[in-house]
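> I'll drop the sequence and a predicted model, then ask my questions.
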Amino acid sequence: MAEIEIKNIAKSFGNYQALHNINLTIHDQEFMVLLGASGCGKSTLLRIIAGLETATSGEVWIGGRRIDHLSPKDRGIAMVFQNYAVFPHLTVFENIGFGLRMQKLPNAEVERRVHRTAELMHIEQLLKRYSGELSGGQRQRVAVARALAMEPDVILMDEPLSNLDALLRMEMRAELKGVLAESKTTAIYVTHDQVEAMSMADRISVMHQGRIAQNSSPVEVYRNPSEKFVAGFIGNPPMNFLPATEVSKGQWSVAGCQFSGPEAHSGAIDFAIRPEDLSPADTGIAAIAKVVEPLGAHLLVTCDVEGHLFRAVLDSDLALRAGDTIHLAPQQDRIRWFDQNTTQAICLS
Amino acid sequence: MADISQSRSSGRFVYMSGVVLLCAWVLVPLYFLLINTLSSPEAVNAFPKSFIPEFDLGSLTFFANFAGMLSALKNSIFVAAITMILSIVLGAPAGYALSRFEFRGKETFRFLILLTRAFPLPLLALPLAVMFIRTGIDDTIFGLALIHTTLALPFSVLITFSLFSGIPIELEEAAWTLGCTRLTAFTKVILPLVLPGITASAIFAFVISWNEVFAAAVLTIENRTLTAFLLQNLDTSPLHLKFAGGFILVVPALVFIFAVRKYLFAMWGIANR
């Protein structure tokens, strides 16, 4: 059992507060992704769990044991770094076996585990090579194998795929997910890539300015963003926002169209819809197409709606040119509402 | 097309003449030194010079049998060896600290290191001599090695600083997460990677000490190093012996540098790690 509990972790560098009272529980064998733009504190949080950084206050517990005062080697963790950190003076075999040798395991056991993890990561044929003779993808495999060979309670990954090219990243993404699920290890994975996060995570914690903005399943994060930041950060292209004005109780006017929304709300609110939840119709939000980008499967149309940027992902068969005016009808059950002042989502109940 | 190939060939000409010029700058004096060392006294003083050495070993045999020569050579080696050890033992930790830790006064410290080379040795020689006599380490190998260490230390600190900075901190962090303490991470991961560079910077310290003459001449009387010994005796020697003495001084330094050239390149970050 390796449940991770992060209790009230805060971290400041001088006057700069990098993390504000983070509370997070990661269940045993769960794949948790910390997602956020650079500088949001996600790597700092991971490094605090690993013991490479000391929290200003708060506690970290792994498997019912408080570990924030222990040195990294005593925490039962293994870490995969963004730049791989494969030791250049050792062969792949010795790299994977490094941690096992440090534990003074007998030779036969080291060999058994190295071969097993190397097989798992498909690098058996590279065991005699040095890191200088490996490609980026191969080094990444060595780094993951080295972490897995430790058979840790928790595996921590800091943007492990961001140095790989796009195709390789997609391949490694699927492979990592499979290997980690099989190893039954609790994993925390830091990334700024939302596709990676969506595709791999059991649960996503979206981080913003040193706090957790939303912590839920990938689909939930995508469909029901808890605040405007999450809605704008997740999804490519991101969610559209338009200001709404109340017409009557529960009825809101958005760019000349009426939608039923929150019944009673003080203050200004925004109407929000994902670009792919729009379809061309006879009536709907009137939009002037500014840029039309055929993407093969879809047509990405960047429009202007009463001076606001508005994007739609439409069927690629649609004949549309820049300057045309189209009417876009949103799918009713996908409409979301946000408070303009607090930026929080407004629940319709 | 003609223009391009012409400008390319003229660029090549400039490049090649630069190479030839630089080589000549180093090699011609060395060659004359060699010729004159291997010539008889008459040939040394004759004009015009021959460009082919006579292989007369008279001057060199003279030095080999010269009283005090061997003990001076031994002193030189001892002083240089102590300098080498001290400057690494003191310099490498300082270099590591500079590259890995943030501390108050770090920039000032780096500046101060360079400042030790800002004062010419002749300026310091007299007070140093007085201090050495008071503490009783005047005219000792160790005393002189201390001065040479002071001269070599800035280099070893700055060189090891750049060596350690060239090694990503993640390698150490990875070692920590894999079961290393700070110390074992250093010995198992960092040390093997910096060892070539450390060797180079050690040899560099050795050569600095080997070549140093002023402090050696001022601070030692009985226990002279080779440079100080030759300086003292060659002043009153005939020309052919001066050449031979110069040759004896230059050759070991050249051999050292040549032997460790690979590491020197590594030290300056030219070779790929």
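Yes, it's here. Predicted, not measured: the structure shown is a model, and the values here were computed from it.

> So, low pLDDT: which residues of the stretch 151-273 of chain B?
B:263-273 (pLDDT under 70).

> let me redo that: chain A
A:1, A:349.

> Which positions in it make contact with chain B?
Selection of chain A residues close to chain B by CB under 8 Å from any CB of the partner chain yields A:50-52, A:71-73, A:77-79, A:81-83, A:85, A:87-89, A:98-99, A:102-103, A:132, A:146, A:150, A:156. C-beta: built from backbone N, CA, C; applies to glycine.

> Can I have the buried ones of these as a ChimeraX selection?
In ChimeraX, this line selects whichever of the residues of chain A next to chain B come out buried by 16 or more other CB atoms under 10 Å in any protein chain shown:
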select /A:50,51,52,72,73,77,78,79,81,82,83,85,87,88,89,98,99,102,146,150,156
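
> Spell out which residues of the stretch 51-200 of chain B are next to chain A.
Residues of the stretch 51-200 of chain B lying near chain A (CB under 8 Å from any CB): B:168, B:170-171, B:173-181, B:184, B:189, B:192-193.

> Would you mind listing which of those are buried?
B:Glu170, B:Leu171, B:Glu173, B:Ala174, B:Ala175, B:Trp176, B:Thr177, B:Leu178, B:Gly179, B:Cys180, B:Val189, B:Leu193.

> Quick check: what element follows the helix or strand containing the first one along the chain?
When secondary structure is defined by DSSP states H and E, B:Glu170 falls within helix B:169-177. Toward the C-terminus, helix B:169-177 is succeeded by helix B:182-185 as the next helix or strand (DSSP H and E).

> Show me what that next one is packed against.
On a contact count with 3 or more CB pairs under 8 Å, 6 or more residues apart in numbering or on different chains; DSSP states H and E, helix B:182-185 meets helix B:169-177.

> Return the set of buried residues in stretch B:185-202.
B:185-186, B:188-190, B:193-194, B:196-202.

> Could you grab the helix/strand/coil label for A:Ile155?
The three-state assignment at A:Ile155 reads strand, by DSSP: H, G, I helix; E, B strand; the rest coil.

> Kindly report the same for A:Asp270.
Quick answer, by three-state DSSP: A:Asp270 is strand.

> Would you check that it makes contact with A:Lys228?
Yes: counting by CB atoms under 8 Å, A:Lys228 is a contact partner of A:Asp270 at 7.2 Å.

> overlap in contacts of those two?
Contact criterion CB atoms under 8 Å, 6 or more residues apart in numbering or on different chains; residues shared by A:Asp270 and A:Lys228: A:Phe241, A:Phe338.

> Do a quick rundown of the helices in chain A.
A:42-50, A:92-102, A:107-120, A:136-149, A:166-183, A:194-200, A:218-223, A:228-233 (DSSP state H).

> tally of neighbours for B:Ser7?
By the criterion of other CB atoms under 10 Å in any protein chain shown, B:Ser7 has 10 neighbours.

> Next one: it from B:Tyr96, what distance?
As for B:Ser7, its distance to B:Tyr96 is 49 Å (criterion: CB to CB, to the nearest Å).

> A:Leu148 is in contact with A:Glu183, correct?
Just to correct that, residue A:183 is Ser rather than Glu. Yes: the pair A:Ser183 / A:Leu148 is scored as a contact, 6.0 Å apart, by CB under 8 Å.

> contacting residues around the closest residue to B:Leu121 other than its chain neighbours?
Computed as CB to CB, 6 or more residues apart in numbering or on different chains, the closest residue to B:Leu121 that is not its neighbour in sequence is B:Phe214, at 5.0 Å. For B:Phe214, the contacting residues are B:Leu121, B:Pro122, B:Ala125, by CB under 8 Å, 6+ apart.

> for those residues, which one is nearest chain A?
Nearest to chain A among the contacts of B:Phe214, counting by CB to the nearest CB, is B:Leu121 at 39.6 Å.

> number of nearby residues for that closest one?
B:Leu121: 16 neighbours (other CB under 10 Å).

> How about B:Leu38?
With other CB under 10 Å as criterion, B:Leu38 counts 21.

> how does chain A divide into domains?
What the record gives for chain A is the domain set A:4-233, A:240-339, from automatic domain parsing.

> Check the offset of stretch A:62-72 from the chain's centre.
25 Å (CA atoms, centre = their mean, to the nearest Å).
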